[in-house]
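**Q** My questions are about this predicted structure, shown below with the sequence.
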Amino acid sequence: MTNIFDMLQYPFAQHALIAATLIALTCGLVAPFVVMRDMAFAVHGTAELSFPSAVAGLLIASDAVSGALLGSLVVATAFALLGRRRSESNTAIGVVLAFGLGLGVFLLSFYNGFSSAATNILFGSLVSASTRDVMILGVLAVLVVITMVIIFRPLLFASVDPAVAIARGVPVRRLGLIFLLLLALTVTEAAQVVGTLLVLSLAITPAAAARRWTANPIVFTGLSVLFALVAADGGFLLSLALSDTDIKASVLISFVSFAIYLLSFAAERLRRDTRTAGVAAAT
Amino acid sequence: MNDSGADAPLIDFRGATLRLGGRTLWSDFELGVREGEFIAILGPNGAGKTTLLRALLGLQELSAGKVTVAGKKPSRGSSDVGYVPQQKIFDGDLGLRGRDLVALGADGHRFGRPWASNSVREATEAMIRAVGATSYADAPVGNLSGGEQQRLRIAQALMSDPKVLLCDEPLTSLDLRHQEGVLELLDERRRSAGTAVVMVTHEINPILPYVDRIIYLVGGNWAVGTPDEVLTTEQLSNLYGAPVDVLRVRGRVIVVGGGETPEQSHHCGPEMAVAQS
């Protein structure tokens, strides 16, 4: 065991903690809508597709982050244009995903730099976050949070009840596109921390856990942010404590995230059981 | 208020024609709906019943003629019109309570604040009480029965205090008791607030005690009138261009025949069984 507080004296650890916090904030905020709009596959697709564009960024400008960001925006727009209905868009995502992964591996074969740069894309590299990376993350987080707060209510309406939302004058299609772009930015950010392969543990699991506690959309979203923060920061601090063992932060983040989900699930069961027991006793 | 006087109809179709994909759904349609009137739209599938509602919502342009709602051309998002869409059961895991659904009817289109304002919350509470949904307003909507969800949808549609309430098949998949509950709710509203109710439906008999007039659409033809005027052998045979019999048995109306298959135009299976026994 290493002393976490000693470790936190290092700039790399501070950067990583700030990065984890920013990413958890945005992921926790979009996650409830990912669940409500049934977009788990889109998250997965955008995350995986930021892989080829990150590799391209690495090849062209030695900059995986910018490549991934640009790529995910292109991909999100492509999803939106290819499929309007949900089943259509799932198919479209599948089609683009298969090609994109192949392309990523293809591009990777031209890359002669550090091989860790490539695995970092897949599994996350929190500790390699530079000041510049943290700045970019900060700007993106502010952008995503402000936009989400502004569109929250119409987006909620459009997500749960599109037929009435259209009749009430909510720009349902445009909100769908805006959300897809926000999601792409968020997922690409998250991919920096937990890697493309583990993105779902920050962009879906916190909301799934939060839903076990409440159906109130505001509380639901608040809890989702809280759970994402606990998972990301907790997982990272745990990795500092276990830094002797060389376990990646992303792995611990996904473990903590899943543990919160299991606890929430068990708590829901427990509350339901006591309630039915109470009803049974009353009758 | 519309200052063209109390006599001006809330809904006014003048020579309205709608063609979709080369097919004429209805032409030269004329209708004036007064305050507090209860109107049912009947007809076989594909006759343009839902399209008529869409025209009133400003989601569908007419091919010819004109329509006004409360004296204005229909436009999306108008608070003069409330809308209860064809029932889609909410997913059981949806993170939304009954009261959130209702509140969205008041301010769901507003950008800027994630939560409902105090005044919206109070109005929501009052509306939930008015439709008798207090006991389940805090439950996740996906866990509620079809009848309970329908009550909340009506409450949601009434949140903008509309002059016209449009309902698309609000009785489908409800049992008789809940059908009556929903109809009483709509009836109460039009009597107390003067809201005109226009309802697309397949069920004839449950609505007969409540409706003032019927719009009957069949393959480009239409008829408007009281149930006694429209639901006659002569009138319906005329509309369908084929022999149709309208029988009245123990206060129930049974339509037999009517184009390809009568079941397509009405749920008259049980009624036909009654007629034969």
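**A** Thanks, I have it. Since this is a predicted model, take the numbers as computed values, not measurements.
**Q** Tell me the buried residues in the helix or strand in which A:Ala163 is found?
**A** Secondary structure from DSSP states H and E places A:Ala163 in helix A:162-167. Judged by neighbour count using 16 or more other C-beta atoms under 10 Å in any protein chain shown, the buried positions of helix A:162-167 are A:162, A:164-167. From N, CA and C alone the C-beta is placed, and that goes for glycine too.
**Q** what does that helix contact?
**A** By C-beta atoms under 8 Å, 6 or more residues apart in numbering or on different chains, the surrounding residues in contact with helix A:162-167 are A:154, A:157-158, A:172, B:57, B:59, B:76-77, B:81, B:83, B:85-86, B:88, B:104-105, B:108-109, B:153, B:156-157.
**Q** one more time with 6 Å, if that's ok
**A** With contact meaning C-beta atoms under 6 Å, 6 or more residues apart in numbering or on different chains, helix A:162-167 is reached by A:157-158, A:172, B:57, B:83, B:85.
**Q** Equivalent analysis for stretch B:213-226, please.
**A** Contacts of stretch B:213-226 (C-beta under 6 Å, 6+ apart): B:24, B:26, B:29, B:31, B:39-43, B:47-49, B:227, B:230, B:235, B:239-240.
**Q** Okay, now the unreliable bits of the stretch 1-150 of chain B?
**A** For the stretch 1-150 of chain B, the stretches flagged by pLDDT under 70 are B:1-7.
**Q** just the helices in it please.
**A** Along the stretch 1-150 of chain B, the stretches classed as helices by DSSP state H, counting those that start in this stretch are B:49-57, B:98-107, B:118-130, B:146-158.
**Q** export those helices to CSV and tack on mean neighbour count and distance to A:Gly71?
**A** Converted to CSV, the helices of the stretch 1-150 of chain B look like this (neighbours: other C-beta atoms under 10 Å in any protein chain shown; distance: least, C-beta to C-beta, whole Å):
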stretch, mean neighbour count, distance to A:Gly71
helix B:49-57, 22, 39
helix B:98-107, 26, 35
helix B:118-130, 16, 41
helix B:146-158, 23, 40
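**Q** Export those helices as TSV, with columns for distance to chain A.
**A** Putting these into TSV (distance: least, C-beta to the nearest C-beta, whole Å) gives the following:
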stretch	distance to chain A
helix B:49-57	5
helix B:98-107	5
helix B:118-130	10
helix B:146-158	7
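**Q** Could you dump the ones you listed into TSV and include distance to A:Ala267?
**A** Output for these, formatted as TSV (distance: least, C-beta to C-beta, whole Å):
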stretch	distance to A:Ala267
helix B:49-57	43
helix B:98-107	22
helix B:118-130	28
helix B:146-158	26
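**Q** and A:Val142, how far is that from chain B?
**A** According to C-beta to the nearest C-beta, to the nearest Å, A:Val142 and chain B sit 17 Å apart.
**Q** and which of the contacts of helix A:162-167 is nearest to B:Lys72?
**A** Of all the contacts of helix A:162-167, B:Leu57 has the smallest distance to B:Lys72: 12.8 Å, by C-beta to C-beta.
**Q** contacting residues around the residue in the stretch 51-200 of chain B that chain A sits nearest to?
**A** Nearest to chain A in the stretch 51-200 of chain B, going by C-beta to the nearest C-beta, is B:Gly77, at a distance of 2.0 Å. By C-beta under 6 Å, 6+ apart, the residues touching B:Gly77 are A:168-169.
**Q** And the strands in the stretch 1-150 of chain B?
**A** In the stretch 1-150 of chain B, the strands defined using DSSP state E, counting those that start in this stretch lie at B:11-20, B:23-33, B:38-42, B:64-69, B:81-84.
**Q** again with the stretch 101-250 of chain A
**A** Under the criterion DSSP E, counting those that start in this stretch, the stretch 101-250 of chain A contains no strands.
**Q** ok, now which ones touch the closest residue to chain B within it?
**A** The stretch 101-250 of chain A approaches chain B most closely through A:Gly169 (2.0 Å), counting by C-beta to the nearest C-beta. Residues in contact with A:Gly169 (C-beta under 6 Å, 6+ apart) are B:76-77, B:109.
**Q** for the top helix by length along chain A, packing partners?
**A** Using DSSP state H, we find that the single longest helix of chain A is helix A:249-282. When contacts are defined as 3 or more C-beta pairs under 6 Å, 6 or more residues apart in numbering or on different chains; DSSP states H and E, helix A:249-282 packs onto helix A:205-211, helix A:217-241.
**Q** So what touches stretch A:173-185?
**A** Outside stretch A:173-185, the residues that reach it (C-beta under 6 Å, 6+ apart) are A:30, A:46, A:72-73, A:76, A:80, A:140, A:144, A:147, A:154-155, A:158.
**Q** what's the residue of the stretch 51-200 of chain B closest to chain A sitting at in phi/psi?
**A** Taking degrees, to the nearest 10, you get phi 80, psi 10 for the backbone angles of B:Gly77.
**Q** Flag every residue of chain A that's near chain B.
**A** A:150, A:152-154, A:157, A:160, A:163-164, A:167-170, A:211, A:215, A:217-218, A:220 (C-beta under 6 Å from any C-beta of the partner chain).
**Q** Filter these down to the buried ones and hand me the ChimeraX line.
**A** Listed next is the ChimeraX selection for buried residues among these, using 16+ other C-beta under 10 Å:
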select /A:152,153,154,157,160,164,167,168,169,170,211,215,217,218,220
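**Q** neighbours of residue 199, just the number please.
**A** I went with chain A, as the question did not name one. When counting by other C-beta atoms under 10 Å in any protein chain shown, one arrives at 29 neighbours for A:Val199.
**Q** Chain B was what I was after
**A** 26.
**Q** how distant is stretch B:88-101 from the center of its chain?
**A** 22 Å (C-alpha atoms, centre = their mean, to the nearest Å).
**Q** Report the buried members of the contacts of stretch B:213-226.
**A** B:26, B:29, B:31, B:39-43, B:47-49, B:227, B:230, B:235, B:239-240.
**Q** which residue is nearest the centroid of chain A?
**A** Closest to where the C-alpha atoms of chain A average out (C-alpha atoms, centre = their mean) is A:Ala203, at 3.1 Å.
**Q** pLDDT score assigned to it?
**A** Taken from the predicted model, the pLDDT recorded for A:Ala203 is 91.
**Q** pLDDT of stretch A:7-17, averaged?
**A** On average, stretch A:7-17 scores 87.
**Q** quick one: contacts of that stretch?
**A** A:126-127, A:129, A:134, A:240.
**Q** Try it again at 7 Å.
**A** Residues from elsewhere that reach stretch A:7-17 (C-beta atoms under 7 Å, 6 or more residues apart in numbering or on different chains): A:126-127, A:129-131, A:134, A:233, A:236, A:240, A:243.
**Q** Buried residues of that stretch, list them for me.
**A** Using 16+ other C-beta under 10 Å as the test for burial, stretch A:7-17 gives A:7, A:13, A:15-17.
**Q** ditto for stretch B:8-21
**A** Buried residues in stretch B:8-21 (16+ other C-beta under 10 Å): B:9-13, B:16-18.
**Q** And for it, what's in contact with it?
**A** Stretch B:8-21 is contacted by residues B:2, B:24-35, B:48, B:51, B:55-56, B:62-71, B:163-164, B:196 when judged by C-beta under 7 Å, 6+ apart.
**Q** Now restrict those residues to buried residues only.
**A** Buried members of the contacts of stretch B:8-21, scored by 16+ other C-beta under 10 Å, are B:25-27, B:29, B:31, B:33-35, B:48, B:51, B:55-56, B:62, B:65, B:67-70, B:163-164, B:196.
**Q** Quickly list the domain ranges of chain B.
**A** Chain B breaks down into these domains under automatic domain parsing: B:11-230, B:240-277.
**Q** will you turn these into TSV that also has distance to A:Leu58?
**A** Output for these, formatted as TSV (distance: least, C-beta to C-beta, whole Å):
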stretch	distance to A:Leu58
domain B:11-230	38
domain B:240-277	61
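**Q** closest to A:Ala56 out of those?
**A** For A:Ala56, the closest of those is domain B:11-230, at 35.9 Å, according to C-beta to C-beta.
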